[in-house]
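Novice: Quick one, structure for this:
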Amino acid sequence: MGSEIEEFEDPKLSSEALENNRASSSKEGKGKWLWEKVKYQLVEYHTLPNYLRDNEFILGHYRSEWPLKQVLLSMFTIHNETLNVWTHLIGFFLFLSLTIYTANKVPEVVDLHALQHFPDVLKKADLHKLHEEFMTCLPSLPNMPDLNRLREELKMSLTSIDLLPSLSGWHVMELLKNCLPQRFSHGNQTDVCVLQRSMKEDVANIIAPLMIRPITRWPFFAFLGGAMFCLLTSSACHLLSCHSELMSYIMLRMDYAGIAALISTSFYPLVYYSFMCNPFLCALYMGCITLLGIATVLVSLIPVFQNPEYRIVRVSLFLGMGLSGILPVMHKLILFSDQPEALHTTGYEILMGLLYGVGALVYATRIPERWLPGKFDIAGHSHQLFHVLVVAGAYTHYRAGLVYLQWRDLAGC
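Specialist: Prediction:
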């Protein structure tokens, strides 16, 4: 009888134990799921560790000490750093595209394929008169290297409409500038050059780009590299700093180094192309801004530099770097006051300075979130506005760099 009872009770006990195990496992799984969900929830400012507290006017939507995998995935989720990451990441890809585009557009000494359009322009002219007036004009030009060779090539080009590709850009531009607008004396008569103004512009626009010998591009590409480094490190800093205190320390120093690199390399096109004909001034200005950038990076390595109370000091340091550019800009205007390119580039540089300056002011004063704390946690706070203004300022300087390249390609020293 006892054995029967045992046989009867064993399955019941086993099924109860199994049910209990299942309930326990289910509870454990549910608890683990809830813990994971809570663990990666966004938190408020007052719960952050000290190293993540930077802006008390942004009250919520913080990530705090997440694992690296979750941190990386968070670039595709909404939190108070999402737009900080993407504004500069998109800016990085913008400047990467501009770098590739500019590298592929470096003018060559001669583009033989483009020469096929030249005969269409010259068809409008009386080639016999054009040939005579070119030959009349040439002796009045200053002595240029290979002047005799230039004369022979012009004879051949104007008679056969097959421009030889050995003329240098400055020869052609000098010829078009000094010859075509000039009046010539034939006996007691004075006639204007046979080409109409619009045609002269067509000839200049076609010939000059084909014949230029481009100057070095490294200062311009140094600026583009500095801009990309700044934008990428900034984006990485805003994405990864919430991982740990060590990661925050490393990424913030990289961010400061990127800002210093952007400011320093922004001077390179301005200084090099403005003073390329005066090596001493060129080396002096470029050396000073490079040393200033290195000094700024070294100062930013001091741990106390990151404390929120030193926000104004940080801004002032980088702002001082930018303001040091006033001296070479003023010097450029004094030397090239008669050059429209100098005024054109200065306009771009003033606009760039205004964009950077307004961005630094917004960053330092934490406007607009200080007026309505918690209302701009996700979008519209000062750091995001600062990022947008930095990208706009850097693009403005890119436009100035294109003017510098065109100017020096055509004018040389």
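Novice: low-scoring pLDDT stretches of the stretch 151-300 of the chain, where are they?
Specialist: Within the stretch 151-300 of the chain, the stretches falling below the threshold (pLDDT under 70) are 151-213.
Novice: all strands of the protein, in order?
Specialist: Secondary structure of the chain (DSSP state E): strands at 184-186, 189-191.
Novice: Name the nearest residue to residue 55, sequence neighbours excluded.
Specialist: Distance criterion CB to CB, 6 or more residues apart in numbering; nearest residue to residue 55, sequence neighbours excluded, is residue 366 at 6.1 Å. For every residue, glycine as well, the C-beta is placed using N, CA and C.
Novice: For burial, what's the neighbour tally of that neighbour?
Specialist: The number of residues packed around residue 366, counting by other CB atoms under 10 Å, is 20.
Novice: dump the residue contacts of it.
Specialist: Each residue near residue 366 by CB atoms under 8 Å, 6 or more residues apart in numbering is listed here: 55, 57, 381, 382.
Novice: One more: residue 349?
Specialist: Contact analysis of residue 349 by CB under 8 Å, 6+ apart lists 270, 325, 329, 397, 400.
Novice: Tell me, what's the model's pLDDT at it?
Specialist: Per-residue confidence for residue 349 comes out at a pLDDT of 94.
Novice: Ok, residue 131 next?
Specialist: For residue 131, pLDDT reads 54.
Novice: Use 30 as the first number for this chain going forward.
Specialist: Got it, first residue is 30 now, which makes that one residue 160.
Novice: how does the chain divide into domains?
Specialist: Per automatic domain parsing, the domain ranges recorded for the chain read 31-68, 97-109+244-440, 141-240.
Novice: Give me the subset of the contacts of residue 378 that lies in helices.
Specialist: By the criterion of DSSP state H, membership of the contacts of residue 378 in helices covers 299, 358, 426, 429.
Novice: contacts for stretch 338-357?
Specialist: Taking CB under 8 Å, 6+ apart as the criterion, the residues outside stretch 338-357 that touch it are 285, 288-289, 292-293, 295-296, 299-300, 303-304, 314, 317-318, 321-322, 325, 328-329, 333-334, 378, 382, 385-386, 389, 392-393.
Novice: try 6 Å
Specialist: Here stretch 338-357 makes contact (CB atoms under 6 Å, 6 or more residues apart in numbering) with 288, 292, 296, 300, 314, 321, 325, 385, 389, 393.
Novice: Could you list which of these belong to helices?
Specialist: Taking DSSP H as the definition of helices, those contribute 288, 292, 296, 300, 314, 321, 325, 385, 389, 393.
Novice: which one of the residues you listed has the most neighbours?
Specialist: Within the ones in helices among the contacts of stretch 338-357, residue 296 tops the neighbour count with 27 neighbours, counted by other CB under 10 Å.
Novice: contacting residues around that residue?
Specialist: For residue 296, the set of contacting residues under the criterion of CB under 6 Å, 6+ apart consists of 318, 354.
Novice: cool, and residue 414?
Specialist: residue 391.
Novice: quick one: pLDDT of it?
Specialist: According to the prediction, residue 414 has pLDDT 97.
Novice: How much space separates the nearest residue to residue 286 once chain neighbours are set aside from residue 334?
Specialist: By the measure of CB to CB, 6+ apart, the closest residue to residue 286 outside its immediate chain neighbours is residue 326, 4.9 Å from it. Here residue 326 is placed at a distance of 11 Å from residue 334 (CB to CB, to the nearest Å).
Novice: out of those two, which sits in the busier spot?
Specialist: Shown here are residue 326 and residue 334; by other CB under 10 Å, residue 326 has more neighbours (18 against 15).
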